[in-house]
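Chemist: need a structure here:
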Amino acid sequence: MRANEKSDFDLVKEFIDGKNSSIEILINRHKDRVFTYILLLVKNEELAEDIFQDAFIKVINSLRKNKYKDEGRFVSWVLRIAHNLVIDHFRKEKNLRTVSNDENEVDLLNNIRFADLTVEDEIAQKQVYTRVRSLVEKLPFEQRQVVIMRHYLGMSFKEISSHTNVSINTALGRMRYALINMRKMIENQEHAFSLS
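Modeler: Purely as a prediction, here's the structure:
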């Protein structure tokens, strides 16, 4: 079996047993997902690169000290390390924002429609993605990270709760508040546009 076809579990075991090339395969396999996750949270490419490097240094050191227990996917463990480094950065910079306590009871989760776009929708899709991305970037940190994990990284709410050390209900609540806040931002923008 070629090295690139081996499972994460096998590559981790090989690295722990002394085969250093296995970690390079693991890093290359997961670098895009991990880097994108970090970049979407910190919104600064240089900072994202620094945290990405720190994350994999920590991964390598943890593997060498035999601190990794295979409880699922290797990439989930790496994302948790990267997540913790991002949190540490924000704590140091005192930029960690709190979750909104908006009391709106509208269930926005049931209002999102997922469908394949037609060829005619491509231009509109790009405009929507750009607008949504700008709205996501304006959300408080905890809400932004849940939206990114859920919609950009495709993680389940169980995975999100595990990565963020909160209950599934808290993760769902943060998503709910994020959607409420994004809807309010859209309404405010449309209201401002109609007044001009």
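
Chemist: can you give me the offset of the helix or strand of the chain with the lowest mean pLDDT from its chain's centre?
Modeler: Least confident helix or strand, the chain: helix 122-137 with a mean of 76, by mean pLDDT, DSSP states H and E. Offset of helix 122-137 from its chain centre (Cα atoms, centre = their mean, to the nearest Å): 18 Å.

Chemist: repeat for stretch 141-150
Modeler: On Cα atoms, centre = their mean, the centre of stretch 141-150 falls 6 Å from that of its chain.

Chemist: just to revisit the earlier point, contacts for the least confident helix or strand of the chain?
Modeler: 40, 43, 117, 144, 147-148, 178, 182, 185-186 (Cβ atoms under 8 Å, 6 or more residues apart in numbering). Backbone N, C-alpha and C define where each C-beta goes, glycine included.

Chemist: likewise stretch 43-53?
Modeler: 31, 34-35, 38-39, 42, 82, 85-86, 89, 137.

Chemist: related to what we said a few turns ago, in the least confident helix or strand of the chain, what's buried?
Modeler: Buried residues in helix 122-137, defined by neighbour count with 16 or more other Cβ atoms under 10 Å: 135-136.

Chemist: now swap in stretch 63-78 and tell me
Modeler: 63, 68, 74-75, 77-78.
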